[in-house]
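Trainee: build me a model from this:
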Amino acid sequence: MNHGKGPLDRPTATEYASWFKALADPTRVQIVSLLARQGRPMSVGEIVDAVHVGQSTVSAHLKVLAEVRFVLADQHGTSRFYRINTACVECFPTAADLVMGRPAPAAPTCPPEGGD
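Mentor: Next up, the predicted model:
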C-alpha cells in the first residue's frame, strides 16, 4: 500500500471501492447495522422482518455484503444464519481514513470467509 503523498495504489483503491460500493445502498446499511447491533447470527427471515423488504431482496443484499466479507454465513441444517464479520467491519474506518489522506493505524487484514 502506498502511504506517500500520492494516491492509494490501484489494488488497495479497488478493494476499498468495493467496500464503499457495498454500503452504497440504504438496505445494505440497515442490514450491516442490524447484524452489528444484534451481535448474533440471524436468519434471512429475521432480517426480512427487521428491514421490511422482501426475502429475495434481502438475499441479494446479503450476497453483496458477503462478497466483501462484511457478513459471514453459517449453515445450520437447511438454514443459513448471517453474522457480522467484526474483523472486516473494523477495517472500514481505517480504509476511510486512508482514502481521505489521514494517518491511520496499520490496516488490519480481513480474514477469509469463515474466520473472524
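Trainee: C-alpha from now on. contacts and neighbour counts both.
Mentor: Noted.
Trainee: any idea which residue is closest to the centre of this protein?
Mentor: Among the residues of the chain, the one closest to the centroid is residue 70, at 2.2 Å (CA atoms, centre = their mean).
Trainee: how far away is it from residue 92?
Mentor: Distance, residue 70 to residue 92, using CA to CA, to the nearest Å: 9 Å.
Trainee: low-confidence ranges, this protein, go.
Mentor: Within the chain, the segments meeting pLDDT under 70 span 1-4, 89, 93, 104-116.
Trainee: about what we covered before: tell me the spacing between the residue nearest to the centre of the chain and residue 6.
Mentor: In terms of CA to CA, residue 70 sits 28 Å off from residue 6.
Trainee: for the closest residue to the residue nearest to the centre of the chain other than its chain neighbours, grab the count of nearby residues.
Mentor: Closest residue in space to residue 70, ignoring its immediate chain neighbours: residue 85 at 5.3 Å, by CA to CA, 6 or more residues apart in numbering. Residue 85 has 23 neighbours, counted by other CA atoms under 10 Å.
Trainee: same thing with residue 12?
Mentor: Look at residue 12: counted by other CA under 10 Å, it has 14 neighbours.
Trainee: element containing it, please.
Mentor: According to DSSP states H and E, residue 12 maps onto helix 10-22.
Trainee: which residues of the chain fall in helices?
Mentor: Under the criterion DSSP state H, helices of the chain are mapped to 10-22, 26-38, 44-51, 55-67, 86-99.
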